[in-house]
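1. A predicted structure for the sequence below; I have some questions about it.
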Amino acid sequence: MYTYKTKGTCSQSIAFDIEDGKVRNVKFTGGCHGNTQGIAKLTEGMDAREVIARLEGTNCGGRGTSCPDQLARALKAALS
C-alpha cells in the first residue's frame, strides 16, 4: 500500500495499491467524499499509466491541482 500526502487540495492523503500495473484500493482521506469515492471507483483496475494520462493537470477552483491531479502525481511517484 502506497500513501501520498496531497498538496493544495481538501484531501490530506491518498492510499492505494498498484498490482501488475493496475490501480487498486484507492482511498482518499478528506476531500469531497462523493467525488473522491467516484474517482476511486472509476480508476479501480485501470492501468496506472492510463490513469495518469487522463487525470494529470485537472484543476479545481484555480488551485492548479485537484484530487484527481494529486492521484496522478501519487501514481507517478509510486511508479518511479
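-> Everything's here; your move.
2. show me where the protein has strands.
-> Ranges of strands in the chain, per DSSP state E, are 2-5, 11-19, 22-30.
3. quick one: strands adjacent to the first one?
-> What that stands for is strand 2-5. Looking at strand 2-5 with DSSP bridges, its partner strands are strand 11-19 (antiparallel).
4. contact partners for the residue nearest the centre of the chain?
-> Closest residue to the average C-alpha location of the chain: residue 71 at 1.9 Å, with Cα atoms, centre = their mean. By Cβ atoms under 8 Å, 6 or more residues apart in numbering, residue 71 lies in contact with 14, 16, 26, 39, 43, 51, 55. Bear in mind the C-beta positions are built from the backbone N, C-alpha and C, glycine included.
5. nearest to residue 8, of those?
-> For the contacts of residue 71, the minimum distance to residue 8 (Cβ to Cβ) is 13.0 Å, reached by residue 14.
6. in the protein, which helix is the longest?
-> helix 67-79 (DSSP state H).
7. can you check what angle separates it from strand 11-19?
-> 50 degrees (axes from the mean of the first three to the mean of the last three Cα atoms, to 10 degrees).
8. which parts of helix 67-79 are buried?
-> 67-75 (16 or more other Cβ atoms under 10 Å).
9. now do stretch 38-45
-> Buried-residue list, stretch 38-45, by 16+ other Cβ under 10 Å: 39-40, 43.
10. wait, which of the strands of the chain is closest to residue 59?
-> Closest approach to residue 59 among those (Cβ to Cβ): strand 11-19, 15.1 Å.
11. show me how far the closest one is from its chain's centre.
-> Relative to its chain's centre, strand 11-19 lies at 7 Å (Cα atoms, centre = their mean, to the nearest Å).
12. what's it in contact with?
-> 1-6, 23-31, 36, 48, 67, 70-71, 74-75, 78-79.
13. farthest residue from the center of the protein?
-> Going by Cα atoms, centre = their mean, the residue of the chain most distant from its centre is residue 62, 18.3 Å out.
14. roughly how far does that one sit from residue 8?
-> For residue 62, the distance to residue 8 (Cβ to Cβ, to the nearest Å) stands at 11 Å.
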